[in-house]
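1. test case, fold it:
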Amino acid sequence: MTTAKPTAYPVTFFDGPEANGVATIVGTLLGQNFETFPDRAKFARKVSRPITIVSTDTEEACTIVLGTDKAVVYNDVVGRPSVTVYATVDQLLEVSQLPMKAGGLIPVGFFTNRGIRVLKEIATRRLVIKGLLTHTVTALRTIALVSAAD
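-> Coordinates of the predicted model:
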């Protein structure tokens, strides 16, 4: 089992060197963000159910489980995720550039040109977020956690 760079809230790849491409991308984004923005660990601890991200172009998936002391990224779908994102790798990288405030509760990034493109992708169902309406706060926090923007 390998671990990303040590932080106050480390990100562990459950499958270690066998982590698939989307798990590696998501785990790296999370690890860098927890290091750069340590306050994000506070709202990460509040997410109680797994979050799954499915890459529609590579047909790989990963599940993020956020605990009280660390995040674990698994290959494939694990548990019963409250939010499942179906997106291409390029869409994931677009979403990772959206600035979010207040732990994702103020989605200021959606009012930018990039954010409008992402909303258009959601509206046309090219980027699907299952649980967006039933677990809105978790979906917004997911975007805030992977967002490299301040």
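2. run through this protein and note the low-pLDDT ranges.
-> By pLDDT under 70, the low-scoring segments of the chain are 1-7.
3. buried stuff in the longest helix along it?
-> Ordering each helix of the chain by length in residues (DSSP state H) puts helix 21-36 first. Neighbour-count burial for helix 21-36 flags 22-35 (criterion: 16 or more other C-beta atoms under 10 Å). In short, each C-beta sits where N, CA and C put it, glycine included.
4. other SSEs contacting that helix?
-> The helices and strands touching helix 21-36, judged by 3 or more C-beta pairs under 8 Å, 6 or more residues apart in numbering; DSSP states H and E, are strand 11-13, helix 40-44, strand 51-55, strand 60-66, strand 71-75, helix 89-95, helix 136-146.
5. need the buried residues of helix 21-36 in CSV with distance to Phe13, can you?
-> What follows is the buried residues of helix 21-36, written out as CSV (distance: C-beta to C-beta, whole Å):
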residue, distance to Phe13
Val22, 12
Ala23, 6
Thr24, 7
Ile25, 11
Val26, 10
Gly27, 5
Thr28, 9
Leu29, 13
Leu30, 10
Gly31, 9
Gln32, 14
Asn33, 16
Phe34, 14
Glu35, 16
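6. between those, which is nearest Tyr74?
-> Tyr74 has its nearest neighbour among the buried residues of helix 21-36 in Ala23, at 7.0 Å by C-beta to C-beta.
7. relative to Asn33, how far out is that closest one?
-> As judged by C-beta to C-beta, to the nearest Å, Ala23 and Asn33 stand 16 Å apart.
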